[in-house]
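Asker: The following comprises the amino acid sequence and a computationally predicted model.
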Amino acid sequence: MAKQNIFDNETFFEGYKAIRDREGNANDLFEIPALFSLLPDLKGKSVLDLGCGFGEHCVEFVNKGASKVVGIDISEKMLEVAKKENSNPAITYILLPIEDIEMVDDKFDIVISSLAFHYVEDFDGAVKKIYDKLNTDGSFIFSQENPINTTYSGEIPRWTRDENGQKIYVNLSNYAREGERESEWFVDGIKKYHRMFSTIVNTLTENGFIIEKMIEPIPTDEILERFPEQEDLFHKPDFLLVKAKK
């Protein structure tokens, strides 16, 4: 089965990079701080980063004491940037989809992934392979789009607004219909996969993981002062983060 590799589409890649470079983007404000808050002490630890993208996280893992980091990504464009801007003797970058991680040598103390699993169709299969790749007592930490977001298919407006166009509440539909969603984000036909919270939790526990913490980041008062539009997250958190242990 062909794996989606939207990040090597030039239009998508440039649009995505522009968003990540913008001050106050949601990744920098919410997802990255939450992800790093879940990390154990990395001193002397080995880390496998699934969907490592530009490699900034891989460098940070080394800075935090990791002795070995392997970053995999399906995108050649992403890894070109990673190798150019975020190389380190302790880091190995491999062109590989998440679904094929059995091809990576060794086991790891931590498997981590930032905003990749909503692009993975076979979550159960990936979780099984991650469990096998972890050392005993190892941690699996990941973020993904919140299921309240992944359920959205574009068939109805995302928000209900008042007569002034102000958002009142988010519209939720087909939450319990899991599976592929197609959306437009810089280009048409982006495929994401929607799963309910219960499916995510049960897939982890049925494959032997113990769930230690879950986070749905919301803005602090300080963030709201600088970026008042982030008030939206009180209606609909953008991200879900999970820390699980083998």
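Answerer: Perfect, thanks for sending it.

Asker: In the chain, spot the strand with the most residues.
Answerer: In the chain, ranked by residue count with DSSP state E as the criterion, the top strand is strand 134-145.

Asker: show me where the protein has strands.
Answerer: Going by DSSP E, the chain shows strands at 46-50, 68-73, 91-95, 108-114, 134-145, 159-161, 167-170, 179-185, 187-194, 210-215, 239-245.

Asker: what sits against the nearest residue to F197 once chain neighbours are set aside?
Answerer: Nearest-residue entry for F197: P147, 5.5 Å, with adjacent residues in sequence omitted and distances by Cβ to Cβ, 6 or more residues apart in numbering. Placement of C-beta: from N, CA and C, glycine included. P147 makes contact with Y175, H194, R195, M196, F197, I200, L240 under the criterion Cβ atoms under 8 Å, 6 or more residues apart in numbering.

Asker: D105 too?
Answerer: Under the criterion of Cβ under 8 Å, 6+ apart, D105 has no neighbours.

Asker: The chain should start at 99 in everything you say after this.
Answerer: New numbering, starting at 99: the last item is D203.

Asker: if we can go back for a sec, local confidence estimate at the residue nearest to F295?
Answerer: Reading off the per-residue confidence, P245 sits at a pLDDT of 96.

Asker: Equivalent analysis for the one 5 residues further on, please.
Answerer: On pLDDT, Y250 comes in at 89.

Asker: before we move on, what about the one 5 residues further on?
Answerer: Confidence at P255, expressed as pLDDT, is 89.

Asker: and if you look at G287?
Answerer: In the prediction, the pLDDT value recorded for G287 is 59.

Asker: Ok, E112 next?
Answerer: 56.

Asker: Quick check: buried residues in the longest strand of the chain?
Answerer: Along strand 232-243, the positions that meet the burial threshold by neighbour count (16 or more other Cβ atoms under 10 Å) are L232, G236, S237, F238, I239, F240, S241, Q242, E243.

Asker: Many thanks, have a good one.
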